[in-house]
Structures are given as structure tokens and as C-alpha cells.
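Novice: just the structure for this:
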Amino acid sequence: MSLVSHLFPKPSVFSNISLLCHGHRLGLVPRRSTLLIRRHSPSSFTSLPSPLPAHSRHVRRKLSMDSASPEVSASVDSVAEGLKNQSLNNDDRVDGGSSINHATKKKLEDLNWDNSFVRELPGDPRTDIIPREVLHACYSKVLPSVEVQSPQLVAWSESVANLLDLDPQEFERPDFPLLFSGASPLVGVSPYAQCYGGHQFGMWAGQLGDGRAITLGEILNSRSERWELQLKGAGKTPYSRFADGLAVLRSSIREFLCSEAMHSLGIPTTRALCLLTTGTFVTRDMFYDGNPKEEPGAIVCRVAQSFLRFGSYQIHASRGKDDYKIVRALADYVIHHHFPHLENMSSSQSVSFSTGNTDSSVVDLTSNKYAAWTVEVAERTASLIASWQGVGFTHGVLNTDNMSILGLTIDYGPFGFLDAFDPSFTPNTTDLPGRRYCFANQPDIGLWNIAQFASTLSAAELINDKEANYAMERYGDKFMDDYQAIMTKKIGLPKYNKQLISKLLNNMAVDKVDYTNFFRSLSNIKADSSIPEEELLVPLKAVLLDIGKERKEAWVSWVKTYMEELAGSGISDEERKASMDVVNPKYILRNYLCQTAIDAAEQGDFGEVRQLLKIMERPFDEQPGMEKYARLPPAWAYRPGVCMLSCSS
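Specialist: Below you'll find the predicted structure:
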């Protein structure tokens, strides 16, 4: 069996994209792919049969294992250096624990609500929640309508409270559960549900929107950061279609915990302020098999600098020229509030790049802020997905309506971290037939979604074909650069070694090695040539389980090569272990850990939810006494509803 067939039991769903095995070509001869962009007419937007849209001009993309060209990388780096506010996700780098002065702590009534979204963008003139098509509007004003009976606070994030300058004592208020279920109104809010569309499993789905999420508004904190607060599971909106607008405890626990766990892993993500139960029950058919049951209802208060998605732009472009102005208004809004450095670029900076075409076409990012914005969205998306691949995270539903315009992990549904390394792993039962959203396909899907986003802006005449093509080219280069850097750090080497890492991933896939525990154990290997061959695998004994003689020989061979690389690196064993342990987590939010917390919470015991939150705040620390949370999944963890889930919530 070939190397690729070990890792890809079925061919990739994107045969014309050269991103295989989350960036690794596994020793294959690199090939170039040609990407094209076509501006969509309003009528063609409803059916896009091919994985990538047809384009009117060609651009070559380099997605080989080599890094981006030094010239391009240097040029892009110079842009970043010149734009002082390049980072959009300060929210995902701020710990919020020690930097807050106690004098800034506020009560709920004192929070500084701004509500720019509803003030600056066109809204729905109707205020009812009848399911309907909402035209020419970015949002519909709607109040939370979920029924509650003695709602109860399950858990809250101190880190997120600090971002909002919120006094921790506020969580002890008797009325807190009423306020954050929407049963009692918060002072200063202007609630709404957002209108957006999207491609779901590759097909244009038309209008989608916030069917069970209601944004309360935006808070400006003491550092002038803008944070949106959103209640997920708060009741029906005009976008609920045939659903009830509610959420259940099991999915709410998963989203609350994973939002905070991802942040602690250093991965850009939406956050979660608090989780509460509604005291009422919600009917759900978890497996879509005709056996619905009642489950405890719950609400998560999600927090992000913006909940705008690719689909927020797609829906308006799909409706034709009359709504192109809304696409532009949304682009102006997000650039002004979240990419302000792009408004300050001047032609004197002369930031331009060759697209690599035979006609020597040039893209000048200073001449069109929308082009510069598209490139930055593409690069942020690429960097995000590279970071997912590094920790073995599989999103499960990478529809374009689940893609954040800020490059955040958003909408935690049937997600899953890799246990046994399997590139074809998908945590989504709906995705099983084609595995479109499996772990190995995530880089391809990111590019596909960027192509749809670029087509949207092209249709609205905000960018041209060359600029759209360049954004996709930058996606590929940025993903490769970031992924290679991540994997190099994970194995503790000073420079990238394609062959060594490719062979390692192949070995891990063949033997179904636990992804997280393996890399954590790898730091225990020492660059000592005097170690007898029969002892080389001792540091990996806990993760190389039940391997036969042939496989043992394969691993010994790899470890020997690895030790030679370590010896030549000039880095001491102690220094290398320390550097590897800060990038390879010991604790990840495995699905079975979530399920244990869910089972207890459904019986009224929230202790395990709070314990997991605490452990996942320090994923790289040893945390003596907590070792059981780093164990391999038990046998029961592989049953449906634990290792794999549906989109039911």
C-alpha cells in the first residue's frame, strides 16, 4: 500500500488543490495548480457545481513543500511592519488576568454599550420573528424569547470577564441567570439577529442567519476594545426557519469549554463568558433517526470582536446589483472597526506584488483597501487552519457561514481533537459519506471557502480578478509557512525537515498513535548516541502500543534519524524539552472528557464542567494530580454520540 493511500483511504475531494495531508506532500513530486476566478451573476450564485469557481484569468499558486519565495515573504513582512495595528485578534492573545486594574471592574449596569452594528448598517424594518426571507438588511432586531424556569449558572470564564472589565462578584448576583438568559433585559443593549447565507457541504444554501443566536450588542472596554456579546439558544428569530431557536446542555457545554480551551492553546477563537441552564427541556433527535428525546435546555454567552462571517457578505452579493452596496457597506464597516490599519495605507508605500503571470501582472495593495483586506482575511484563515492542524483539531462543519471574517474559530458543533492519528477523521456524522470536512481536508476547504469569499467581493466589484487570485495565492503560501513552522517546533528542531516529518506522520497513521500524547512524549528522547538500540523506544513506550516486530523496526529507524538531527542541532536536551513542552499540550478537550462532564451536568452536577475549564486553562503545564485527564480514551468513548456527533443541538 502506498504512503498516500495509508493516509488517504479515499481521494481528496479537491483533486485540483495541491494541499495534501494538512500541507504535507509526503515526498510526492510537487505539482502546480491553476486557479481561476469568475464573477458570478446573481442567477449563477445559487449553483456552483465545481469545487473552485471558474476564473477569467490564470494565476499560478505555489503549494509545494518549499516555503514562499523570499521576495514575496519579505514584501508581505514589510507590510506587516509598516502597519502598526496588523494584529486583529488581540482578543485571542490577551490573558486578561493580571493586566486589569481593580479600579476598572464594573457592574453590569455600568458596562459601556456602543452598538455600532445596528447604528451603521441597514436593518430589517420588521420586528416580528416570523420565519421569512429578510431582504436588503444586515440584521433583524429581536428580543430573547426563550422560556426559563429558575435558570442556573453552570460556569463562567474569569478571563473573559476581565476582557469586559466585569467584576467577578457580578456572577454571584441572584438575577445574573435571568439577565444572561434574556429573561430580564440588560441596560444599554440593542439585541439583533444577523442575516447571512452560505455554502453548506459545497452547495449554496441561500439565506441562513442567526436562527438561535441573538447578539445583545457591543461593549467598549477600558482599553477601547470592542466586544460583541451573543446569547446562543435564546429563542426564535426570523432566521430560525423550522427550528425552535433553542440549544441543549450537551452542545452548550461543548461550545463553552472548547471556546476557552482553544484560547488557552493560543488559537484564535470566539470566547465564552458564561453557561447557564434554562430549567426547561428541549426536544432533539440527536442521531436524526426518528427517536427524539427531551434534553435540558441551556444558553451560552459567546463573546467576540465580531461575529461576521464569509456568508454575511455572500447573501447580499447573491441577491444582485441592488444589494452590492450592502456588501460594500459591510466591508467598510469591518475595515473601519477591525482592520483600521488598512484605511491608513497610502500610495507612497507602494506595496505591490507580481502575480506570477506571463503578462507580468501586478497587484498593488495600497491602491485598493478591499484587496488588501481580502489578502489579510485569506492569510488569517490560513494561519488559523495551520494552527488547527498543529493541535489535531477538526472543526467538522467548515461551511462558509461558519468562517469568521476575523480568522477566528467559530461555531463549535461536532468538533473533535484527534485521538488515534487518522487524517480521514471527521467528528461529524453528516460528513461521513464524503468526509469533506475531515482533518486532512481542512486546508483545502479553507482555500475553497476563500475562493467563494473572493468571488463575492469580485461580484460586488470591490476587487478584480488579479486581486482575488493573489489572495488565494497568499492563502497557500501563508498556510505552508505557518504549518511548517508549527511542525518544526513540535519536534524541537531549528529548521524544517520535510522527509523526517512526513515519515513520522506516516508511522503515526499506520499505528494509530495518539496525536497529542505522542508529541508530548517526544520531548523525552535524548540526543545520546550511546543509548542501546533496544532502549531507543523507551521514552515512547506509553504511546507506541501493541506494535509488532516490523513496526518496531520502522519506529527505531525513525528515532535513529531523529536523534541524528537532534545531535546536529546544537540544542541541549533540557532546552529542547522545555521548548517542545510549550507547544505540545498535555491536555486537550477530548470528546470523552466533554461527555463525562455532560453526563454529570445533566444530573445537576456541574463540578466536572468547572474542573475541565480549570484544567484546559493550562494545557501545557504538567498539573500534578490531574494526569487522568491526559489518558487515552476508554472503550466507551468510541460509541456514537461521543467520538462522533451530529449537528443536532
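Novice: what pLDDT is listed against the closest residue in space to residue 484 that isn't next to it in sequence?
Specialist: Distances taken as Cβ to Cβ, 6 or more residues apart in numbering put residue 496 closest to residue 484, at 4.6 Å, once the chain neighbours are dropped. In this view, the C-beta of every residue, glycine as well, is placed from N, C-alpha and C. With respect to pLDDT, residue 496 scores 97.
Novice: middle-most residue in the protein, spatially?
Specialist: Among the residues of the chain, the one closest to the centroid is residue 409, at 2.4 Å (Cα atoms, centre = their mean).
Novice: gap between it and residue 389?
Specialist: Going from residue 409 to residue 389 by Cβ to Cβ, to the nearest Å gives 13 Å.
Novice: now residue 533
Specialist: From residue 533 over to residue 389 (counting by Cβ to Cβ), the distance is 32 Å.
Novice: pretty sure residue 151 contacts residue 279?
Specialist: Yes. Residue 151 lies in contact with residue 279 (Cβ atoms under 8 Å); the separation is 5.5 Å.
Novice: out of those two, which sits in the more crowded spot?
Specialist: Per other Cβ atoms under 10 Å, whichever of residue 151 and residue 279 has more neighbours is residue 151, with 23 against 16.
Novice: spatially nearest residue to the more buried one, not counting backbone neighbours?
Specialist: Residue nearest to residue 151 in three dimensions, not counting chain neighbours: residue 177, with 3.8 Å by Cβ to Cβ, 6+ apart.
Novice: isn't there a strand covering the one you found?
Specialist: No. Under DSSP: H, G, I helix; E, B strand; the rest coil, residue 177 falls outside any strand and is assigned helix.
Novice: tell me the contacts of it?
Specialist: Remark: with contacts taken as Cβ atoms under 8 Å, 6 or more residues apart in numbering, residue 177 is in contact with 148, 151, 152, 153, 276.
Novice: and stretch 458-467, what's buried?
Specialist: The neighbour-count check on stretch 458-467 (16 or more other Cβ atoms under 10 Å) flags 458, 459, 460, 462, 463, 464, 465, 466, 467 as buried.
Novice: how far does that stretch stretch from start to finish?
Specialist: Stretch 458-467 has an end-to-end distance of 9 Å (Cα to Cα, to the nearest Å).
Novice: and stretch 525-545, by the same measure?
Specialist: Stretch 525-545 has its terminal residues 17 Å apart, counting by Cα to Cα.
Novice: low-confidence ranges, the stretch 51-200 of the chain, go.
Specialist: 51-103 (pLDDT under 70).
Novice: tell me where it has strands.
Specialist: 58-61, 139-141, 152-156, 192-194, 197-200 (DSSP state E, counting those that start in this stretch).
Novice: helices and strands around the second one, which ones?
Specialist: For strand 139-141, the elements it packs on are helix 116-120, strand 192-194, judged by 3 or more Cβ pairs under 8 Å, 6 or more residues apart in numbering; DSSP states H and E.
Novice: what about 10 Å?
Specialist: helix 116-120, strand 192-194, strand 213-220 (3 or more Cβ pairs under 10 Å, 6 or more residues apart in numbering; DSSP states H and E).
Novice: of these, which is nearest residue 247?
Specialist: Distance to residue 247, taken as Cβ to Cβ, is lowest for strand 213-220 among the helices and strands packed on strand 139-141, at 9.0 Å.
Novice: any idea how this protein splits into domains?
Specialist: Following the TED database, one gets these domains for the chain: 108-310, 315-357+369-489, 493-570, 591-637.
Novice: show me which positions of the biggest strand by length in the chain end up buried.
Specialist: Ranked by residue count and defined by DSSP state E, the top strand of the chain is strand 271-284. Using 16+ other Cβ under 10 Å as the test for burial, strand 271-284 gives 271, 272, 273, 274, 275, 276, 277, 278, 279, 280, 282, 284.
Novice: against residue 534, how distant is the fourth one?
Specialist: It stands for residue 274. The separation that residue 274 has from residue 534, given Cβ to Cβ, amounts to 54 Å.
Novice: what sits against residue 527?
Specialist: 492, 562-573, 576 (Cβ atoms under 10 Å, 6 or more residues apart in numbering).
Novice: again, but for residue 179
Specialist: By Cβ under 10 Å, 6+ apart, the contact set of residue 179 is 108, 151, 170, 173, 185, 186, 187, 189, 216, 276, 301.
Novice: wasn't residue 596 part of a helix?
Specialist: Yes. Per three-state DSSP, residue 596 lies within a helix segment.
Novice: what's the neighbour count on it?
Specialist: Residue crowding around residue 596 was assessed by other Cβ under 10 Å; the count is 19.
Novice: likewise the one 5 residues further on?
Specialist: The criterion is other Cβ under 10 Å. On that basis, residue 601 has 24 neighbouring residues.
Novice: in this protein, where is pLDDT below threshold?
Specialist: Residues of the chain that meet the criterion pLDDT under 70 lie in 1-103, 287-289, 346-361, 646-649.
Novice: longest single helix anywhere in it?
Specialist: If you go by DSSP state H, the chain has its longest helix at helix 465-490.
Novice: what comes up buried for that one?
Specialist: Buried-residue list, helix 465-490, by 16+ other Cβ under 10 Å: 465-484, 486-490.
Novice: what does stretch 155-163 give?
Specialist: If you call a residue buried by 16+ other Cβ under 10 Å, then stretch 155-163 has these buried ones: 155, 156, 157, 159, 160, 161, 162, 163.
Novice: tell me who's in contact with the residue of the chain most remote from its centre.
Specialist: Here the chain reaches farthest from its C-alpha mean at residue 530, the gap being 44.0 Å by Cα atoms, centre = their mean. Residues near residue 530 by Cβ under 10 Å, 6+ apart: none.
Novice: same thing with residue 553?
Specialist: Contacts of residue 553 by Cβ under 10 Å, 6+ apart are 533, 547.
Novice: please renumber so the chain begins at 702
Specialist: New numbering, starting at 702: the last item is residue 1254.
Novice: any idea which element it lies in?
Specialist: In this assignment (DSSP states H and E), residue 1254 forms part of helix 1250-1270.
Novice: CA atoms of that helix as CSV?
Specialist: What follows is helix 1250-1270, C-alpha atoms only, in CSV (Å, rounded to 0.1, in the frame of the first residue of the first chain):
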residue,chain,number,x,y,z
LYS,A,1250,8.3,-6.5,15.2
GLU,A,1251,8.1,-5.0,11.8
ARG,A,1252,6.5,-1.8,13.0
LYS,A,1253,9.0,-1.6,15.9
GLU,A,1254,11.8,-1.7,13.4
ALA,A,1255,10.2,1.2,11.5
TRP,A,1256,10.0,3.3,14.6
VAL,A,1257,13.5,2.5,15.7
SER,A,1258,14.7,3.6,12.2
TRP,A,1259,12.8,6.9,12.5
VAL,A,1260,14.1,7.6,16.0
LYS,A,1261,17.7,7.0,15.0
THR,A,1262,17.3,9.5,12.2
TYR,A,1263,15.6,11.9,14.5
MET,A,1264,18.4,11.6,17.1
GLU,A,1265,21.0,12.4,14.5
GLU,A,1266,19.1,15.6,13.6
LEU,A,1267,18.9,16.4,17.3
ALA,A,1268,22.6,15.9,17.8
GLY,A,1269,23.4,18.2,14.9
SER,A,1270,21.1,21.0,16.1
